[in-house]
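In: this is a predicted model, with the sequence first.
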Amino acid sequence: MSDTVAYLLMAWLDPGLLLLTGLGVLAGIYVGAIPGLSVTMAVSILISFTFSWNINNALALMVGIYVGGVYGGSRTAILLNIPGTPAAITTAFDGYPLALKGEAGRAIGLSTVMSVIGGLIGVAVLAGTAPYLADMALEFAPRDYFLIAILGLLLVSSLSGKSLARGIFSVALGAVVGLVGMDMVTAQPRLTMGSMELLGGIHYVVIMIGLFGVAEAIYQLHNLAKIPVKQKVSKIVPPLNMVLKFLPLSVRTSIIGVVVGALPGAGGDIASLFAYDHAKRTTKNPSTPFGEGAYEGLVAPETANSAAVGGAYVPMLTLGMPGDAVTAVIIGALVIHGLNPGPMLMIETPHIFWFTVGNLALANIFLLVFGLTGIKLFSKVVEVPKAILIPLILVLCVVGTYSLNSNMTEVYWMLGFGILGYWLKVFGFQMGPIILGVILGPLLDESYRQAMSSVGNQAGDFLLGLVTNPLSLVLTSVITLVLLSNTPLKPWLIARFKRG
Amino acid sequence: MSKKIARVQAGEKLFDWLLLLLSIGVLYEAYRIDGGLRLNSAGSFPVGLGLIMLASSAVILLSHRYKRRASEITTALQEAKTFLAEHFKPPIVAFTICSIVYLIAINWISFYVSTFCFLAAMFTYYRQGRVVSSLVITTITIAVIYVLFTMVFRVYLP
């Protein structure tokens, strides 16, 4: 118990960790706020610089950037009607109309306080549920891991794009890229096209930097000349009665945020959409109609997307499955530091879990401080023109990729993935599913082969196991439901059900 | 009630075909792995992924089969022109070419010199010929990169 408390408070008591968390949050707010930069991009590039650091220092900085970045996107959504992150798209629906009414300061203040409330609820749920879930996960068979990974990838595919087919294609493409290299069991080269250089595989950080850094930079060149319209900001700190008035809504939407955030692949963007919809349906008399500057429409997505951060950590730390693209990148960071995300993390290195919990809570406190101050400096920084920002992003991507293994070939791969990512993005494919495929592909391969070996390579026994084991049966049923809900069968089934 | 017509972007159907070809290539590469057709081998999972890619790219292609292009596009030539105008805008082409040249140049003339040239060229081009201020910004940027990455993070750069 005393050890747990010590790990929990480590980031609070160590000046170095305190500084790194604070710096991370501050940097995250700006990264999240500047359209064209993303938290995933920042964390991807950061991994390559921090892999030689002490793990606590590296995690403190990444957690800070993650928490700050999710919040930062809302500021430009309110002030400029340009969401800095996908999670802040719904914030703009009512945040920008509030700014147009001259209430930008109040909107920023309220969104800050609500983000912190959501973030802390997310951390509490993480601390309360993850140890139990990890214990349960120890009982999972390889077949269950295989099914959970399939379910995660299906959810990513169905929730994050224009169509399920595109999502599935993206996930499979990512998994294929993740499998390139030598097979760990048989030492056979796989998907290397005869190239010796590919035997070692393609480092996932290289792929991440390419897809999230270079692809986004090229994509932003379409809006090079866009000049945002600024708003005046005053009276940032919200009155207590205002906070108390929206507290019940924020608690409800925090729970939505945690649950949606914990679904593998469904991050803050989907959580905020669900929360906004919930607020719209449950608020009978909003302060102003939704879409015209309703505070409820600001509170709901802001609490949900911050709570989703804690939620996203749950499957990552207990099952080794990322809750969203950022946690996929953080999994990469943990692996680079020799850790094993998944149920064994809680047994082998419990201090990492409790340190992360304490650090997330600390990052939320920093968020409150930085969120309510420094608005003038903020408005200067977000004005950095894209003409300067975009070439700079490429240089950072080059430095980040090269610093991994001092290998220029990886830098060329990074550019290649960036160009591929740009074209995929142009035609409506999302980058998140590809990265989740890269991370989960090898895990799927491993658990599938283990599951097959455990039944003597008999397909019939494998299929029988899917419906005879209670957990496998539940997972198989959910996968079937997700698949059915994305086919034309869904409206037909609903119609039949209603008639019945 | 007006029904919104779903349309495809210029070049999207060609892209769909490219995805299908990529899927076939992946499937072929996966099949070449020893034991690709056995249920539990090094090649079984890649073959499965190749099949999934093939099926999903076929679905994407078929879903676009009856969707129309924008009303102003009536011929293949017009579509090609629209595609080039949308995606090969001078800032994008310049950035892509300069990026490739920059990455090749790093091996020849070192990271800092090539980065200076790349940033100076890009800043000047994107900022519509403001040479002096672009050079000043480039110099400051290079100094910040040097302090941050070489001195603080101790990253080895070529």
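Out: It's in.

In: B:S134 versus the spatially most central residue of chain B, what's the distance?
Out: Nearest residue to the geometric centre of chain B (C-alpha atoms, centre = their mean): B:T96, 9.0 Å. As for B:T96, its distance to B:S134 is 20 Å (criterion: C-beta to C-beta, to the nearest Å). For every residue, glycine as well, the C-beta is placed using N, CA and C.

In: also A:M408?
Out: In this view, A:M408 and B:S134 are 27 Å apart by C-beta to C-beta.

In: neighbour count for those two, which is higher?
Out: Neighbours around A:M408 and B:S134, counted as other C-beta atoms under 10 Å in any protein chain shown, are more numerous at B:S134. The numbers are 22 against 16.

In: find the residue closest to the spatially most central residue of chain A in space, skipping its chain neighbours.
Out: In chain A, the centroid-proximal residue (C-alpha atoms, centre = their mean) is A:D324; its distance is 3.2 Å. Spatial nearest neighbour of A:D324, excluding adjacent residues (C-beta to C-beta, 6 or more residues apart in numbering or on different chains): A:G267 at 2.9 Å.

In: that neighbour: neighbour count?
Out: Neighbour count of A:G267, defined by other C-beta under 10 Å: 33.

In: tell me how far it lies from A:A137.
Out: Separation of A:G267 from A:A137 (C-beta to C-beta): 21 Å.

In: go on, A:T409?
Out: Separation of A:T409 from A:A137 (C-beta to C-beta): 38 Å.

In: give me the more crowded residue out of these two.
Out: A:A137 (21 against 12).

In: quick one, what contacts the more buried one?
Out: Each residue near A:A137 by C-beta atoms under 8 Å, 6 or more residues apart in numbering or on different chains is listed here: A:T318, A:L319, A:G342, A:P343.

In: same question for A:I435.
Out: Applying C-beta under 8 Å, 6+ apart, we find A:I435 in contact with A:T40, A:G174, A:Y204, A:I207, A:M208, A:L211, A:F212, A:A325, A:A328, A:V329.

In: just the element for the closest residue to A:F246 other than its chain neighbours, please.
Out: Nearest in space to A:F246, with sequence neighbours left out and distances taken as C-beta to C-beta, 6+ apart, is A:V299 at 4.6 Å. Assigned by DSSP states H and E, A:V299 falls within helix A:295-319.

In: for the helix or strand bottoming out on mean pLDDT in chain B, C-alpha coordinates in CSV please.
Out: Lowest on mean pLDDT, DSSP states H and E among the helices and strands of chain B sits helix B:76-87, with a mean of 84. Backbone C-alpha positions of helix B:76-87 (Å, rounded to 0.1, in the frame of the first residue of the first chain) are rendered in CSV as follows:
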residue,chain,number,x,y,z
ALA,B,76,-11.5,11.5,-68.8
LEU,B,77,-9.4,14.4,-69.9
GLN,B,78,-11.4,16.8,-67.8
GLU,B,79,-11.2,14.5,-64.9
ALA,B,80,-7.4,14.3,-65.3
LYS,B,81,-7.2,18.1,-65.4
THR,B,82,-9.4,18.5,-62.3
PHE,B,83,-7.3,15.9,-60.4
LEU,B,84,-4.1,17.7,-61.3
ALA,B,85,-5.5,21.1,-60.4
GLU,B,86,-6.7,19.8,-57.0
HIS,B,87,-3.8,17.7,-55.9
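
In: return the distance of that helix from the chain's centre.
Out: Its chain's C-alpha centre lies 18 Å from the corresponding centre of helix B:76-87 when counted by C-alpha atoms, centre = their mean, to the nearest Å.

In: so which elements touch it?
Out: Using 3 or more C-beta pairs under 8 Å, 6 or more residues apart in numbering or on different chains; DSSP states H and E, no helix or strand is in contact with helix B:76-87.

In: give me the nearest residue to A:M184, chain neighbours excluded.
Out: For A:M184, the closest residue by C-beta to C-beta, 6+ apart turns out to be A:E446, at 7.8 Å.

In: do you know the pLDDT at that neighbour?
Out: You'll see A:E446 listed with a pLDDT of 86.

In: now do the contacts for the closest residue to A:M182 other than its chain neighbours.
Out: Nearest residue to A:M182, sequence neighbours excluded (C-beta to C-beta, 6+ apart): A:L199, at 5.1 Å. When contacts are counted by C-beta under 8 Å, 6+ apart, A:L199 touches A:G181, A:M182, A:P189, A:T192.

In: from B:R32, how far off is the third one?
Out: Yep, that's A:P189 we're talking about. Separation of A:P189 from B:R32 (C-beta to C-beta): 10 Å.

In: how many other residues sit next to B:L119?
Out: Neighbours of B:L119 using other C-beta under 10 Å come to 25.

In: again but with A:G291, I slipped
Out: Around A:G291 there are 12 other residues, counting by other C-beta under 10 Å.

In: helix, strand or coil for it?
Out: Of the three states, A:G291 takes coil according to DSSP: H, G, I helix; E, B strand; the rest coil.

In: what's the helix or strand for the closest residue to it other than its chain neighbours?
Out: Of all residues not flanking A:G291 in the chain, A:F93 sits nearest, at 5.6 Å (C-beta to C-beta, 6+ apart). Under the criterion of DSSP H and E, A:F93 resides in helix A:89-100.

In: which strands or helices does that helix pack on?
Out: Checking 3+ C-beta pairs under 8 Å, 6+ apart, helix A:89-100 ends up next to helix A:55-80, helix A:104-137, helix A:268-282, helix A:295-319.

In: next, format those helices as JSON lines and append mean pLDDT.
Out: Formatted as JSON lines, the helices and strands packed on helix A:89-100 follow (pLDDT from 0 to 100):
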{"stretch": "helix A:55-80", "mean pLDDT": "86"}
{"stretch": "helix A:104-137", "mean pLDDT": "90"}
{"stretch": "helix A:268-282", "mean pLDDT": "84"}
{"stretch": "helix A:295-319", "mean pLDDT": "89"}
